[in-house]
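Novice: Here you go, sequence then predicted model.
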Amino acid sequence: MVKKIKIFDTLKGELVDFEPIEKNHVRMYVCGPTIYNLIHIGNARPMIVFDAFRRFLEYIGYKVTMVQNFTDIDDKIINKANEEGVPFKEIAERYIVEYWKDSYNLRIRAANFHPKTSNYVDEIIEFIQDLIDKGFAYESDGDVYFNVSKFEKYGELSHRNPEDMIAGSRIEISDKKQNPLDFTLWKKAKEGEPYWESPWGKGRPGWHIECSVMSNCLLGESFDIHAGGNDLIFPHHENEKAQSEARHGKTFAKYWMHNGMIKFSGEKMSKSIGNIWLVRELVKAYDPDTIKTFILSKHYRTPLDFTEEGLNAQKKSTKRVNEALKAVEEKYEGNVPYIPKSEYMKEKINEFIDYLSTDFNTPKAIALIFELTNELNKALTENNEQKILENYHLIRNEFGPVLGIFELPTKEEKSAKAEELINVLIDVRNMLRKEKNFQLSDYIRDSLKNIGITLKDTPEGTKFTIEAN
Ligand SMILES: Nc1ncnc2c1ncn2[C@@H]1O[C@H](COP(=O)(O)OP(=O)(O)OP(=O)(O)O)[C@@H](O)[C@H]1O
Ligand SMILES: [Zn+2]
């Protein structure tokens with residue numbers, strides 16, 4: 001039996017009981033980054049939060065299918081490509097590779113699918129044509145617009161009234177549009193821009209249509225959770241919902257979950273504003289546990305002020321947890337015995353699940369981990385084996401993996417460390433050779449050779465190969 005949970009649904013504006021469309025299977029879609037730059041800690045918040053949420057759903061027994069897209073067709077990508085004089089694909093591919101490095105370093109699990117807009121242009125054209133055929137969209141001088149007045153529920157998700165929006169806003173008026181709120185589905189290509197052939201001439205997709213199409217292709221016409229930052233509620237998610245529900249005549253996403261913004265110097269951290277802290281830099285200065293507990297220690301819907309003091313304080317508390325876990329592993333020389341779940345463990349597991357079942361209250365779950373760390377340290381001092389093992393297993397093997405923190409290093413991470421170590425040895429060998437200490441430098445080379453690591457001196461420096469055993 002899967003545990004029942006409650007989440008805050010943006011559409012309903014309240015805490016609701018979560019019940020997936022298909023029994024025991026959750027299908028979720030998270031809006032991913034526009035890839036024209038390295039990701040910042042603000043972009044990492046939805047990645048960290050929804051990765052942990054997905055792990056929690058799996059922990060309580062659901063099968064989860066998760067999709068997170070890459071927006072690889074966009075004005076910002078095209079501008080960057082023009083600045084550098086390279087094709088837009090090159091910019092997109094470069095930053096997708098960098099995205100994977102950052103998400104790996106943060107120990108974020110990949111979603112089941114990471115679709116790119118450029119691979120779905122045919123499906124996008126088909127979707128738009130269907131909207132035109134059904135009377136929800138119109139072509140105007142090579143552009144195609146969604147006719148907002150044809151979709152009665154427009155404004156429902158962002159709790160806005162279309163009439164007030166027109167009256168009180170500075171929405172751009174274009175003589176191509178029939179109504180100021182109408183939004184672009186297809187954009188006519190300007191001179192020198194990348195384009196695709198379409199029934200409306202050369203052009204490219206507007207921003208919102210991609211998520212409607214990719215979620216439709218990978219998760220179906222209706223799915224369970226649509227997630228992303230709350231900066232996307234309007235217009236992006238409102239428009240996705242309008243297009244999809246207009247085309248299919250049924251609910252698009254059953255629930256909408258949105259994380260609050262990470263702010264820096266009082267404003268939303270954003271690539272376009274430039275007030276950013278790159279994940280890349282933060283991972284070097286802090287460890288992933290510190291960064292992730294910093295984010296998960298605040299409830300996902302609240303705004304979060306990014307400060308170095310905040311991260312430094314977090315670093316101290318995560319260090320305490322990691323040190324306590326390591327002390328246990330050292331005590332048992334790496335083979336910490338398994339124990340069956342005791343009453344105490346079951347009680348703590350229920351407490352942990354209860355916190356996360358109420359709108360994913362990670363701050364309470366993290367506070368519980370810190371409380372168990374105190375218990376663990378006490379047990380270590382008293383050398384109380386049962387208590388040591390209970391608290392150790394709760395943190396290391398139950399709660400940590402659910403939130404994506406305090407996990408044991410994987411085999412790949414260990415071998416990455418081994419490669420760093422070989423590079424240190426290569427540096428030492430080169431220093432010795434400069435000092436003409438060939439006896440020691442050859443000793444390093446030969447000893448490595450004996451264990452299957454061959455060094456090769458090339459004009460670009462010393463390279464190594466590792467023999468597979
Ligand atoms: N400061 C932030 N705090 C939390 N989430 C954010 C923040 N900025 C962006 N996001 C989320 O990150 C994901 C990727 O967004 P996107 O690439 O549009 O980032 P961005 O930095 O806002 O970019 P841009 O400034 O170019 O609009 C989205 O789910 C978005 O809601
Ligand atoms: Zn989206």
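Specialist: Received the coordinates, thanks. Residues are numbered from 1 along each chain as shown. Ligands and ions are numbered 1, 2, ... in the order given.
Novice: For Tyr436, grab the count of nearby residues.
Specialist: Quick fix: residue 436 is Lys, not Tyr. A count of neighbours around Lys436, defined by other Cβ atoms under 10 Å, yields 8. (Glycine included, C-beta is placed from N, CA and C.)
Novice: who's in contact with the helix or strand of the chain with the lowest mean pLDDT?
Specialist: Counting by mean pLDDT, DSSP states H and E, the weakest-scoring helix or strand in the chain turns out to be helix 162-168, with a mean of 78. Applying Cβ atoms under 8 Å, 6 or more residues apart in numbering, the contact partners of helix 162-168 are Val148, Ser149, Tyr154, Gly155, Ile171, Asn179, Pro180, Leu181.
Novice: That one: how far from the chain's middle?
Specialist: Relative to its parent chain, helix 162-168 has a centroid offset of 34 Å by Cα atoms, centre = their mean, to the nearest Å.
Novice: Just the CA trace of it, in CSV.
Specialist: Below are the C-alpha coordinates for helix 162-168, written out as CSV (Å, rounded to 0.1, in the frame of the first residue of the first chain):
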residue,chain,number,x,y,z
PRO,A,162,-7.8,38.3,-18.4
GLU,A,163,-9.7,41.6,-18.5
ASP,A,164,-7.7,43.0,-15.5
MET,A,165,-4.5,41.8,-17.2
ILE,A,166,-5.3,43.8,-20.4
ALA,A,167,-6.4,46.8,-18.4
GLY,A,168,-3.5,46.9,-15.9
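Novice: thinking again about what came up before, what's the closest of the contacts of helix 162-168 to Leu232?
Specialist: Gly155 (15.4 Å; Cβ to Cβ).
Novice: For the closest one, identify the helix or strand it belongs to.
Specialist: Applying DSSP states H and E as the criterion places Gly155 outside every helix and strand.
Novice: how close does it get to Pro288?
Specialist: 40 Å (Cβ to Cβ, to the nearest Å).
Novice: can you pull the contacts of the residue in the stretch 301-450 of the chain that ligand 1 sits nearest to?
Specialist: Using Cβ to the nearest ligand atom, Leu304 is the residue of the stretch 301-450 of the chain that sits closest to ligand 1, at 7.5 Å. By Cβ under 8 Å, 6+ apart, the contact set of Leu304 is Arg45, Gly260, Met261, Ile262, Lys263, Ile295, Lys298.
Novice: Which of those fall in strands?
Specialist: Ile262, Lys263 (DSSP state E).
Novice: Max pairwise distance over the contacts of Leu304: which two?
Specialist: With Cβ to Cβ as the measure, no two of those lie farther apart than Lys263 and Ile295, at 12.9 Å.
Novice: If you count surrounding residues, which of those two has more?
Specialist: Ile295 (24 against 17).
Novice: distance of the spatially closest residue to that one that is not a sequence neighbour from Ala365?
Specialist: Nearest non-adjacent residue to Ile295, counting by Cβ to Cβ, 6 or more residues apart in numbering: Ile48, 5.1 Å away. As judged by Cβ to Cβ, Ile48 and Ala365 stand 14 Å apart.
Novice: With Pro303 as the reference, measure out to Leu15.
Specialist: According to Cβ to Cβ, Leu15 and Pro303 sit 19 Å apart.
Novice: and what of Asn423?
Specialist: Asn423 sits 42 Å away from Pro303, going by Cβ to Cβ.
Novice: Next: Leu325.
Specialist: Per Cβ to Cβ, Leu325 is found 32 Å from Pro303.
Novice: what helix or strand does Leu325 sit in?
Specialist: helix 308-331.
Novice: same question, Thr454
Specialist: In this assignment (DSSP H and E), Thr454 forms part of strand 453-458.
Novice: which parts of that strand are buried?
Specialist: Ile453, Leu455 (16 or more other Cβ atoms under 10 Å).
Novice: for stretch 112-125, same thing?
Specialist: Neighbour-count burial for stretch 112-125, counted by 16+ other Cβ under 10 Å, picks out Phe113, His114, Pro115, Lys116, Thr117, Ser118, Tyr120, Val121, Glu123, Ile124, Ile125.
Novice: Any idea how many residues pack against the closest residue in space to Ile125 that isn't next to it in sequence?
Specialist: Counting by Cβ to Cβ, 6+ apart, Ile125 lies nearest to Ser198, which is 5.2 Å off, once chain neighbours are set aside. Neighbour count for Ser198, taken as other Cβ under 10 Å: 22.
Novice: give the contact list for the residue in the chain that ligand 1 sits nearest to.
Specialist: Nearest to ligand 1 in the chain, going by Cβ to the nearest ligand atom, is Gly229, at a distance of 2.0 Å. By Cβ under 8 Å, 6+ apart, the contact set of Gly229 is Cys31, Gly42, Arg45, Pro46, His258, Asn259, Gly260, Met261.
Novice: Distance check, the third one against Glu333.
Specialist: The spacing between Arg45 and Glu333, counted by Cβ to Cβ, is 39 Å.
Novice: cool, and the first one?
Specialist: Here Cys31 is placed at a distance of 46 Å from Glu333 (Cβ to Cβ).
Novice: Looking at those two, which has the bigger crowd around it?
Specialist: Per other Cβ under 10 Å, whichever of Cys31 and Glu333 has more neighbours is Cys31, with 23 against 7.
Novice: Surely the more buried one touches Glu210?
Specialist: No - at 9.6 Å, Cys31 does not count as touching Glu210 under the criterion of Cβ atoms under 8 Å.
Novice: Between the two, which contacts overlap?
Specialist: Shared contacts of Cys31 and Glu210 (Cβ under 8 Å, 6+ apart): Asn69.
Novice: Reformat the contacts of helix 162-168 into JSON lines and put secondary structure next to each item.
Specialist: What follows is the contacts of helix 162-168, written out as JSON lines (DSSP: H, G, I helix; E, B strand; the rest coil):
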{"residue": "Val148", "secondary structure": "helix"}
{"residue": "Ser149", "secondary structure": "helix"}
{"residue": "Tyr154", "secondary structure": "coil"}
{"residue": "Gly155", "secondary structure": "coil"}
{"residue": "Ile171", "secondary structure": "coil"}
{"residue": "Asn179", "secondary structure": "coil"}
{"residue": "Pro180", "secondary structure": "coil"}
{"residue": "Leu181", "secondary structure": "coil"}
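Novice: between those, which is closest to Thr462?
Specialist: Once Cβ to Cβ is applied, the member of the contacts of helix 162-168 that ends up nearest Thr462 is Ile171, at 60.9 Å.
Novice: Go through the buried residues of stretch 112-125 and say which is closest to ligand 2.
Specialist: Within the buried residues of stretch 112-125, the smallest distance to ligand 2 is 9.9 Å, found for Thr117 (Cβ to the ion).
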